[in-house]
Each structure stands twice: as structure tokens, then as C-alpha cells.
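1. Give me the fold of what follows.
(4 chains)
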Protein chains: 4
Amino acid sequence: MTDSSWNTNLSHTSENGIVIRGYDLIQLIGTLPFLSVLYLLFTGELPNPKVARLIDALMVASIDHGAGAPSALAARTAASGGAPLGAAAAAGLLTLNKYHGAAVQDSMEAIQKVFDLCQGGKDGVDRAADTLIMEWRQAGRRIAGFGHRQHKKLDPRLEKLFHLAREAEVSGSYLEAAQAIARGLKRSTGKDLPINIDGATAAILCEIGFPASLSNALFMVARLTGILAHANEEITRMPPMRRIDPVNHGYDGPTARKLFESKQGEIS
Amino acid sequence: MTDSSWNTNLSHTSENGIVIRGYDLIQLIGTLPFLSVLYLLFTGELPNPKVARLIDALMVASIDHGAGAPSALAARTAASGGAPLGAAAAAGLLTLNKYHGAAVQDSMEAIQKVFDLCQGGKDGVDRAADTLIMEWRQAGRRIAGFGHRQHKKLDPRLEKLFHLAREAEVSGSYLEAAQAIARGLKRSTGKDLPINIDGATAAILCEIGFPASLSNALFMVARLTGILAHANEEITRMPPMRRIDPVNHGYDGPTARKLFESKQGEIS
Amino acid sequence: MTDSSWNTNLSHTSENGIVIRGYDLIQLIGTLPFLSVLYLLFTGELPNPKVARLIDALMVASIDHGAGAPSALAARTAASGGAPLGAAAAAGLLTLNKYHGAAVQDSMEAIQKVFDLCQGGKDGVDRAADTLIMEWRQAGRRIAGFGHRQHKKLDPRLEKLFHLAREAEVSGSYLEAAQAIARGLKRSTGKDLPINIDGATAAILCEIGFPASLSNALFMVARLTGILAHANEEITRMPPMRRIDPVNHGYDGPTARKLFESKQGEIS
Amino acid sequence: MTDSSWNTNLSHTSENGIVIRGYDLIQLIGTLPFLSVLYLLFTGELPNPKVARLIDALMVASIDHGAGAPSALAARTAASGGAPLGAAAAAGLLTLNKYHGAAVQDSMEAIQKVFDLCQGGKDGVDRAADTLIMEWRQAGRRIAGFGHRQHKKLDPRLEKLFHLAREAEVSGSYLEAAQAIARGLKRSTGKDLPINIDGATAAILCEIGFPASLSNALFMVARLTGILAHANEEITRMPPMRRIDPVNHGYDGPTARKLFESKQGEIS
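-> Residues are numbered from 1 along each chain as shown, chains lettered A, B, ... in the order given. Reported below is the predicted structural model:
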């Protein structure tokens, strides 16, 4: 084999164990939380606690969006045809694409561009947003991360994420750039196109310097969780080959309950 | 639409937000760690802290197994043909199947059967294992969770997991049942077929009463992380259409380093 | 690499060209129809003309089943999330599973079993069907290939396929066995569960000795065509992230027309 | 459901049967060859016999390219992890991407551009190719359809395809444009980058006016055949979890044989 030799900088297995980015996996198990090891694998370094907390919050915010999300529907449809759990989940994962979740990378690029145009300052951020909107429109390019099919106003997840970002003492310049884009889109289209979950995730990932090429990967890991739960419910609870109405469906799970009522002591 | 009405017990979205198993997602974001929300979505309830810690450890143990794992190779091969990140990851996810990761559910069934046969007692656990091995052999059924291609001896991840399980004060009966199966396989085949990562995961999930139908789902979320890291490295670092040697490859990431040396204060 | 050497009996590429099962691909191009080369690749030998014609008819019968088929819906849903053509098609392909198309292999096994029980004779074929139905029911095993969600009576494709099978002078014993199973299911359940397209395909493939392990593969190649057409229409004609109603949709293609009216001379 | 009503122009199912682009499927079964119905479904009309013959030849040329093709390797790798046939095939299908098969659409765009620049005339076709190469290089865009990893000289399949295209009396202008691009790439890079199978397919599809958006779809249907054959061989013949060498493998199928020796009468 002539071109057989190649290297990875991610991990290494041997008789002695598994090394992830230089750390012995055995040492990581039970010591660092899963998302910190995910961050290590994706970026090469461990996150500091504030970054770890923000990543965790972003992942929780993206874990599921109900049975009507296209990824949940695709997974349920495959399961309804008889696909086992993993194949159904793969159908769902393939649905996470430019209009559904996998827009974070594009959105990061837009936000970074506005940041660069005004050098991160508050002065001129609206002008920078107008420039971006004009340039991308001329290039026939959609600006991802703004507007949401379901939440006409601000997606309720976002306020919480922005609050956590401020607590983590991020600079705020990228969040400002994202809001400037939303204002610019309103000016140029006349429509309310508020920051959506993709745009908010993008702005926060810009704040913490997360690599854009792996931003969609974060969402995929988070949402695969919801996809698997929906596929499993379809397999275990529903008849095969049913017509799955994407809108007219209800919820028969536990009624509304609050965290930390009776179970406070039990929660990690 | 005649059969349009159906229910999910997982989650519900509305103008007011998203509810997961009765909890307001907004309240969960930044309050509970991602894996506790995953556990909530999968099982219907939040885990207690000991269970949460065990699930976290199992997920870290499964996050990656090097570039030679079939799922990493399939994802890299798809990426090498030009597949974008999500499509390459789906090819990897499809590779997680009965011989590679997705054996946990089968293994849980075997361990549960041995537990049931001896009613969880230590007396007779070896006889129960022999019964299981004989019955499954007659049915032409492979007992998953034992033996590993690479680690001829005990997979080094397992000692750590068993240690954490003991710390979590699980009963130990399912771990005992798993070890009895390994002893029985040695007696009946003459070969060393020690518990592997699937079998250990299965035994621990039996200990905490995790639903077998979603056991493979845990592994899929964990390993998708490694799959995405490998697909991303292939896309960003390697030439397209290369011959990917599944064995002859090296590691050029950070050299061996220890946790908590200079960064102790920073780690969450 | 210790275990590097392995063999395939399918095909071989070299500087001189490509060999498929011993035949030079160059010689096949333009000489044999595509489905004969498919048959060669799948079975190892070229089909005789009667078999080739039956395979062709089976593939045409399976090429599409409207926009409400779960595989079309899954592909459209993935495309609606932004998946490119190939990823959307993969989501559709994953939906072709035990309840939707990929039931042919199971159905062949049932039909073969009835054939074997009565040794292909007409005497006792109903008794053999009863035996099969009883044994599979006891094993908790569903008999695939009978009953259809949409066509309450005989699926209109089947009459044509059975006619072509008779023209091809197949023995008819497997078709008889399939019909005996339908009669047996009616006796034992009281419900009309006529042979469906999977069952008819299975019976005809048994008649021509096609390998059961590749029977679902035939259907996958045929139906991928329809899946791709639906995914392409979704991508090129529909807005992204739409709610795709699985039942309430219409047809606005060409109105009813007949073959061989004005174009007779043009058709190959 | 507010946005429930939508239309497809592909096909329609009802109690009375299935209509494809206006034709009753029952009438098509056994009357028209599968690839003509594929062409109908993809383009809206039936092909004339010359076009049907060219499409058939293109599909045969693409049906398989040996066990070392990335799509075959990805399918085998997934199967080696335990994936069933359909899931393994989906992993292979996902590998058919911009560097591997799914380059036909891009290549058609390049060839069409050169054709347009010189208005299909032979005069100036080299200048038009130079313009295209310069413009796409400035845009950072790769020109697909030229150069092949394995066949350093002209891929042996191409001569046959070009011969059939001439027999079908196509204009030849698009084939000329493709060859001009190959000459231009040689001039500008100094390297031999002959037309490859993607480029030849692209040129011929331009000649017959096939829609570019579905050009990759043709290749996917053709190559899924080879992918399924490889996945099936992996499942039925190979041990699980093996290391699949992408280069060092042999062929143990039938030895070289010729069409039409002893079997002439049998071939359709």
C-alpha cells in the first residue's frame, strides 16, 4: 500500500488504552463531564468552567423541539416503515440541514463578518449589518439564523441563553452583531425576522471562539437525543405504516411540573 | 384526515415555549446538565445524582475508540467521497450496529436472563449462566458483550466503570451475572471472552434500571461525538478520495498530558 | 497489515478496465440492458430473456407508489430541512424496511416453506399454509407479503405480474403456495389479507430461483428511483421547512394518457 | 391544518391504481423497460429509442467500480459493524458525493457554459474553455469531470460511450466542449486531466437535454446496484468487524469469459 500512512490528531488506541488529545481516557471517565470531553475532542483543549456551562446550556436548548420538527418526523416515518432505531435516527440526522439546525455555521460566518466590518465596536454595527445584508443578497445568499416558523416573536429559549452568556462575562460584541443583523433585516425586508435558536447559538459560539466548522456538530449531538426519543416512541408505541400528521398531534406525557419541588435533594 | 390525531408523551411546543416530559425547557437550560435532560427525555424522569454520574461515565467511556473503529472509518470514507459533515456522520451512525456498539440491548437481555434465573443471588449464578449459554446456542443466538477485537485482556475502560458503579452503591448482582457469563463462555468455548465495553455498559444499565430499548441510543449519542470529530478531520485536513488504511495510521495530536496539572482551577 | 488480503467475486478493476463476474464491462455497455447486468452482478450469471422480462416488470411495478409512501415522505421531509438530493434519498432508502418494501425476503421464506411442506404439489398446499401460519404465529413471527394499507382488494399491479409470470411459463407452484397462504390467513383471522406487491414479488422471485438475500435489493434499486424523483421535486418546487401532509395532497401532472397513441414509433 | 394542500406532478395512487406522469402503471408493467419508466418519472416524458439506449449504456457503465470504490468500502464497513443490507447501502449512497459520482451535475454546468460561450460552434471552443477555466479558478471552483484516480489515461468505458453517442447521432457539440475543457486544463496545469466517467456522462446528458438537477440521480440508481452487491457479499461471506483493506484485495469470481459464446440464444 503506497499511501497507507496517515495521522489523526484526535485519539489513539493501543493495548494500553485510549488517548484522547493527549489525555488518557481512563483518567477522563468519571472525572470530567461528557460535554467537556466532547469539547476536548472537537477543539483540542478542555473548556474553562464558564465555557463548559454555556456549551451545556446550548445543548439543552437544542435537545428537542417537539414531534413536528422535520427531523423527528423523518425519524418517525422511517421507524414507521420498520427501520430499527439506528436507521431511523440516521434518517432524522440527515434532515438536520441548512434550513433545520445545520444553519449555525452559516450564521456564524454572517455574524463574524459584521463583527469584522465594525471591528467589534458598537459604533457602526448597524451599518456593518446593512453592508453584510446587501452583499449577501447580491450573492444570492440567505442569511441563516433569523426568523422562525413557529415562534413569531423571540424564541423563549433565547432570553435564557443570552442571560447565561452575560453571566459568563462574554464580550457581547457578537451578540450585538447578531442583533444588528436582525434590525437590518427588519429595515430591508419590513418583516420581523428575530434571531432564532440557530442565530443565538451562532452568536454565543462566536463569543467563546468555538470553531465554526464544528458548530453544526454540537447541534447534531444535542438533537440526535430528541430524534432517538421520537424514533423509540414510534417503534415501541405506534402501529407500523401509520399516516403521521405533522401538525395535528397532542401531548399525553406528564402534566406541568417544576424542578426542585419534592426532588431537590436528588438532582445532580 | 381520518387518522390524524395522535399523541406523544415526550415533548410539546407552543407559542409559550417547549415542555419536555412536563418540565419547561426554559427552566432546564442552564439548570440541569445535558445528560440529565437526555435521561429525562429517554426515561421520563430525572436521574438521581449517582445515576447521573454513572451515565456520564458510560458516555465518556464510549465517546471515541480511535480512527480504526468501523464507524469512524465509514464516516471518513463518506467524507472522502465529498459528503458534508452530517451525511458523513450518518454513514458512521449506520455502522453502529449489532457487532459495533449497538450490542448493548442484546447484552442487557442476556444479563437480565441470568439474573432472573438465579433471582439475583450469588448462589447458582454460574449455573444460570451455563443455562443461558446453552439455550442461546441452541437458538443460534450470539451472546453480545463479551470478547473484543483489540483488547485481548480486560478493556482498560472497564475497571474504571466497575469502580464507579461500586461507588454508586449499585447492588452488584447484574455485574456478577455478567462476570458469570464470561466464566461460562470460557468453560464452554475454551477461549477468553472477557466482558467488553458493551457488556459492561449493559450490566451497569441493568443495575440502574435503564430501559433496554434505549440502551443503544445512549451509545449512539456518545459515539456520534467521535464520529463527527473524525468526519470533520477528514473534511478539513485530508485530500479527497484517498485510500484510508484501517490499520496503518498514527497519532500526531498532543503528547501525553495529565489532567489537573496547570489548569486545575479552570476545569468545571 | 496482517489481515489485509481478501477477495471479492463481484468485480475487478485494473488499468485495463473493469471486469464484472468475468465479463469485460466495456463489452457489456450498449450490449446488454442495465437490468441484465444488475442480475449478473447480483446472481453471478446473466438471466435468460424470460427471466429478464419478469425482473423488468417487477422493477417497473415497484418504481413508485405516490407521494404518500413513507419512503417518499421521509425523503421529502429531509429535503425540506435542506438535505441535498443524495442525503434526502438516503433517508428515503432507510425507510424501506420490514413494513415497507423490504418484506420480500421474509415473504420468500414463508412461501418457500409452504412449497417445501407440500413438495410443490397442489395437494395439501392449503394444509401446508395452515402449518406455516400456526408455526409462525407461535414463534411470534409476522407473515409478510399479505394485506395492504391502501388497496383493500387485490393490488391492481398484481394481476399484470401474474399474467407475465404465466407467459414466462414458470411452474406456478410458488404462486399457488402464496395464494394458499392468503386463503389460510383469511380462514384463521377472518380478515381479507390478499397477496400484496411484496408477496407477489416474493412468489415470482421464488419461481425464478432468485436469491432471497438479494430480493429486497431489487426493490431498493427500483424504489430509489421514485424516492429520488420525490426528493428532487421537493427541492426544486417546494418551500423549505413546510408541513408535508401525508394524506391531503393532489396530483397536477399530465392528465391521463395512453401509451402508443401518437408516439408508437418512438418508444424503445 | 392550514397548509395541508399540496400537489405533486409525479404520480398518483387511488383505489383504481397508480398513475405515473399520466400513464397507468399497469399499462407500463411488462410493456416499457424499467429505464424508460425511470426516464418518464425523472423528466415527465418517455425517451425515444436512441435516448433510451444511451441512458441504458450510461447506467451500465456506472453500475460498479470494484471493491475499492469509496461507496463500496463505506457500505462494506457499515455491514461489517452489523448493519443490515439497507442501512449498509445507505452508508454507501451517502458516499456518492462531489468527489465520487455526484459530480455529474457540476460537470454539466461547466460543459453547458463552454457550449454557451461558443454557441455550440467548433470555432472558439478552446477559447471558451480557457474562459471557463479562468473564471471558475477565480471563483475557487473546481471543474468536475476531469482526471481519475485510477485510470491515468482515458477511462476505457468512455470510448464505448462516445461511440454509442455518435451512433445515436447526437450533435457532438457538448462532447467537443468537454474535450476542449480537457485540453484547456492540460494547457493551464501541465497535467493530463482527461475526461472521466463523470465528465463523459455529463457531456452525453447535455447532448440529450437531460435535466442537470437529476443527473446525479441517474448515477445513484446505477451505482446503488454495485453498492448492494458489495454490502450483500460482506454480510453473507465475510466475518464481522474485519479490517477492510481498501487496496490489497483480489478477485475470485468467474475467470474471463465472453458474451455470446455458448449462451447467445438465451440473452435478452
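2. Surely residue A:52 is within a helix?
-> Yes - counting by DSSP: H, G, I helix; E, B strand; the rest coil, residue A:52 is found in a helix.
3. Report the contact partners of it.
-> Counting by C-beta atoms under 8 Å, 6 or more residues apart in numbering or on different chains, residue A:52 makes contact with A:33, A:35, A:36, A:39, B:268. Quick note: C-beta positions are derived from backbone N, CA and C, even for glycine.
4. For the helix or strand hosting the third one, give me every contacting residue.
-> Spelled out, that is residue A:36. Using DSSP states H and E, residue A:36 sits in helix A:34-43. With C-beta under 8 Å, 6+ apart as the test, helix A:34-43 has contacts from A:10-11, A:20-21, A:23, A:28, A:32, A:45-47, A:51-52, A:55-56, A:59, A:210-211, A:214, A:217-218, A:221, B:33-35, B:56, B:59-60, B:63-64, B:222, B:225-226, B:228-229, B:232, B:267-268.
5. Compare the contacts of residue A:52 and tell me which is most surrounded.
-> Counting neighbours by other C-beta atoms under 10 Å in any protein chain shown, residue A:35 comes out on top of the contacts of residue A:52 with 27 neighbours.
6. Generate a PyMOL selection restricted to the buried subset of the contacts of helix A:34-43.
-> In PyMOL, this line selects whichever of these come out buried by 16 or more other C-beta atoms under 10 Å in any protein chain shown:
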select buried, (chain A and resi 10+11+20+21+23+28+32+46+47+51+52+55+56+59+210+214+217+218+221) or (chain B and resi 33+34+35+56+59+60+63+64+222+225+226+228+229+232+267+268)
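7. and stretch A:62-74, does that touch chain C?
-> Yes - against chain C, stretch A:62-74 shows contacts by C-beta under 8 Å from any C-beta of the partner chain at A:68, A:70, A:71, A:73, A:74.
8. Pick the one among those residues closest to chain B.
-> Chain B lies nearest to residue A:68 out of those, by C-beta to the nearest C-beta, at 7.0 Å.
9. In which helix or strand does the closest one reside?
-> Using DSSP H and E, residue A:68 is not contained in any helix or strand.
10. Could you give the number of residues near the residue in the stretch 101-250 of chain A that chain D sits nearest to?
-> Closest contact between the stretch 101-250 of chain A and chain D, by C-beta to the nearest C-beta, is at residue A:247 (5.1 Å). Neighbour count of residue A:247, defined by other C-beta under 10 Å: 15.
11. Next, give phi and psi for the closest residue to residue A:173 other than its chain neighbours.
-> Excluding its sequence neighbours, the residue lying closest to residue A:173 (C-beta to C-beta, 6 or more residues apart in numbering or on different chains) is residue A:120, at 4.2 Å. Here is the backbone geometry of residue A:120 (degrees, to the nearest 10): phi 80, psi 0.
12. same deal with residue A:161?
-> Dihedral angles (degrees, to the nearest 10) for residue A:161: phi -60, psi -40.
13. near chain B, which residues of the stretch 101-250 of chain A show up?
-> Checking the stretch 101-250 of chain A against chain B by C-beta under 8 Å from any C-beta, the hits are A:102, A:150-152, A:156-157, A:159-161, A:163-164, A:213-214, A:216-217, A:220-222, A:224-226, A:228-230, A:232-233, A:235-236, A:238, A:242-245, A:248-250.
14. In ChimeraX, select just the buried ones from those.
-> Restricted to buried positions by 16+ other C-beta under 10 Å, the ChimeraX selection for those reads:
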select /A:102,151,156,157,160,161,164,214,216,217,220,221,222,224,225,226,228,229,230,232,233,235,238,242,243,244,245,249
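15. In helices, which of the residues of the stretch 101-250 of chain A next to chain B appear?
-> Under the assignment DSSP state H, these contribute A:156-157, A:159-161, A:163-164, A:216-217, A:220-222, A:224-226, A:228-230, A:232-233, A:235-236 to helices.
16. Show me where chain A has its strands.
-> Remark: strands assigned in chain A by DSSP state E are A:6-8, A:11-14, A:17-20, A:23-24, A:249-251.
17. Which among the ones you listed is found nearest to chain D?
-> Closest to chain D of these is strand A:249-251 (C-beta to the nearest C-beta; 11.0 Å).
18. low pLDDT regions in chain A?
-> For chain A, applying pLDDT under 70 flags the ranges A:1-4, A:149-154, A:261-268.
19. and if we set it to 80?
-> A:1-4, A:16, A:101-102, A:120-123, A:148-156, A:260-268 (pLDDT under 80).
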